[in-house]
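Student: Build me a structure from this.
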Amino acid sequence: MQSKDVKASVKETEVKVAEAAKTVEEAAKATAKTAETKVKEAAKTTAKKATEVKAAAKTTAKKTVAKAAAKTATVKPQFIVQYQNKESDLANIEEKVKAQFISEGHKAGTIKKVNIYVKPEEYSAYYVINDKFSGRVDLF
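Tutor: Numbers count the residues shown, from 1 in each chain. The predicted structure is shown next:
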């Protein structure tokens, strides 16, 4: 009878091993499915973040270009008239014209348009303000 007990015990062990193997297989499938789901979610999140980073980079690039353009637009050249070893900055000439116009009794706020004609051979600059008032200032 012992051999029947041993056979039954072996059979019982085989069934338990088969059940354990089935349980391990199901757990492995469940783990694989969970891992696959997590990988898919991570891929979606990464793609979304990549899109956000790309959009942020575009915005930053646009702002940088706009700032560079603004800096370039604000650069104002300095014009200098040179004649026979003498020189005068055109901004200074403009200030002389406006100062003379004001000294003649006009208000600075009335200036809408200024044309200045530089004649270095005469050491003079002639001006017309608002197409109405004219005068002359020394260049040097």
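Student: Which residues does stretch 41-61 contact?
Tutor: Contact with stretch 41-61 is made by no outside residue, as judged by C-beta atoms under 8 Å, 6 or more residues apart in numbering. Placement of C-beta: from N, CA and C, glycine included.
Student: ok, so what distance separates the most centrally placed residue in the chain from residue 137?
Tutor: The structure's the chain has its C-alpha centroid closest to residue 63; by C-alpha atoms, centre = their mean the separation is 2.5 Å. When C-beta to C-beta, to the nearest Å is applied, the distance between residue 63 and residue 137 equals 44 Å.
Student: which ones are touching the residue nearest to the centre of the chain?
Tutor: So, once contact is read as C-beta under 8 Å, 6+ apart, residue 63 ends up touching nothing.
Student: does it belong to a helix or a strand, and which?
Tutor: In this assignment (DSSP states H and E), residue 63 forms part of helix 2-74.
Student: Give me the nearest residue to residue 116, chain neighbours excluded.
Tutor: Nearest-residue entry for residue 116: residue 127, 4.9 Å, with adjacent residues in sequence omitted and distances by C-beta to C-beta, 6 or more residues apart in numbering.
Student: roughly how far out does the helix or strand hosting the one you found sit from the chain middle?
Tutor: With secondary structure defined by DSSP H and E, residue 127 is part of strand 124-129. Per C-alpha atoms, centre = their mean, to the nearest Å, the displacement of strand 124-129 from the mean C-alpha position of its chain is 44 Å.
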